[in-house]
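J.: here's my sequence, what's the structure:
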Amino acid sequence: MVYKNESVCYLKLNRPSVFNSFNREMSLMLIQRLDECEQDASIRAVVLIAEGKAFCAGQDLEEATSDNGLSLEVIIKEHYNPIIRKIRNLNKPVVAAVNGVAAGAGANIALACDIVVAKKSASFIQAFSKIGLIPDSAGTFFLPRLIGFQKASALMMLGDKVLAEDAEKIGMIYKVFEDDQFDFEVEKLAIKLSNMPTKGLALTKKALNLSLENDLEAQLSVELDLQVLAGETSDFKEGVTSFLEKRPPVFHGK
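T.: Numbering: from 1, shown residues only. Okay, here's the model as predicted:
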């Protein structure tokens, strides 16, 4: 399900009867919607949200284990890996708004987003070990970088539940909101992002992506190249002009 508010696009996981677990239809639809967000210049920020009490319980195991079901190879190659790539390569900020339990692939897709916020009642679980699998959806890539190797290793092997407030404390997510303020705070955050110089935010995202594989010298070169590009944007000129004129800037993402 998709809806827009101003220049923010909300992509809603909408299988609440199965805690928004992913099947092929929902996976391919999310990939398509992310593509549409990339191509639509009127969209300047994206929010991944969910219907019902859960954010996402991961893979729909019935689809993966039935006689006519999909293999794990197909699920990862055609569903989860493309979703992660789309999120990381989208030239717009992506916010994961975690309203309830985020388990397995559901947790790791959230953690691959640029900013993760959660309801106070939400939780995160690396549930893979409970059924003899390894974390996928870039979990083994992002989680150790977010919270450290030792903590990530333990959470992945033991499958402990991490409450939202604890996730914030250990740096797994950005911020926790009270349940009754969650929707309001998510909307406020998303609109703030969409009104920022989103060309610059896209370049920041690119720099962060490259930092995951670069050494210091390579990253200094990346910063030089991308800063030159940022300095050529209309938003940079507006930012400087508004500062000198002592007025709020009006950015257009150009």
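J.: give me the neighbour count for Val94.
T.: 24 (other CB atoms under 10 Å). Every residue, glycine included, has its C-beta placed from N, CA and C.
J.: enumerate the beta-bridge partners assigned to it.
T.: Val94 has these beta-bridge partners by DSSP bridges: Val46.
J.: is it correct that it is in contact with Val46?
T.: Yes. Val94 is within contact range of Val46, at 4.8 Å (criterion: CB atoms under 8 Å).
J.: thought Gly52 was touching Lys12?
T.: No. Gly52 lies out of contact with Lys12 (CB under 8 Å); the separation is 10.0 Å.
J.: and the strands in the chain, which stretches?
T.: For the chain, applying DSSP state E gives strands covering 2-5, 8-13, 45-50, 94-98, 101-103, 115-119, 123-125, 161-163, 175-177.
J.: what's near enough to touch Leu111?
T.: By CB atoms under 8 Å, 6 or more residues apart in numbering, the contact set of Leu111 is Ala96, Phe124, Ala138, Gly139, Phe142, Leu143, Leu146, Met172, Ile173.
J.: selecting buried members of those residues in ChimeraX, what would you type?
T.: The following ChimeraX line selects those of the contacts of Leu111 that are buried, judged by 16 or more other CB atoms under 10 Å:
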select :96,124,138,139,142,143,172,173
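J.: can you put the contacts of Leu111 in CSV and add distance to Asp179 and pLDDT?
T.: Shown next, in CSV, are those (distance: CB to CB, whole Å; pLDDT from 0 to 100):
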residue, distance to Asp179, pLDDT
Ala96, 17, 98
Phe124, 16, 98
Ala138, 28, 98
Gly139, 26, 98
Phe142, 26, 98
Leu143, 25, 98
Leu146, 24, 98
Met172, 19, 98
Ile173, 15, 98
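J.: so which of the strands of the chain is nearest Gly200?
T.: Gly200 lies closest to strand 45-50 among those, at 13.2 Å (CB to CB).
J.: gap between the closest residue to Leu155 other than its chain neighbours and Met172?
T.: Nearest residue to Leu155, sequence neighbours excluded (CB to CB, 6 or more residues apart in numbering): Gln126, at 5.1 Å. For Gln126, the distance to Met172 equals 11 Å [CB to CB, to the nearest Å].
J.: which neighbours do those two have in common?
T.: Both Gln126 and Met172 are contacted by Leu143, under the criterion CB under 8 Å, 6+ apart.
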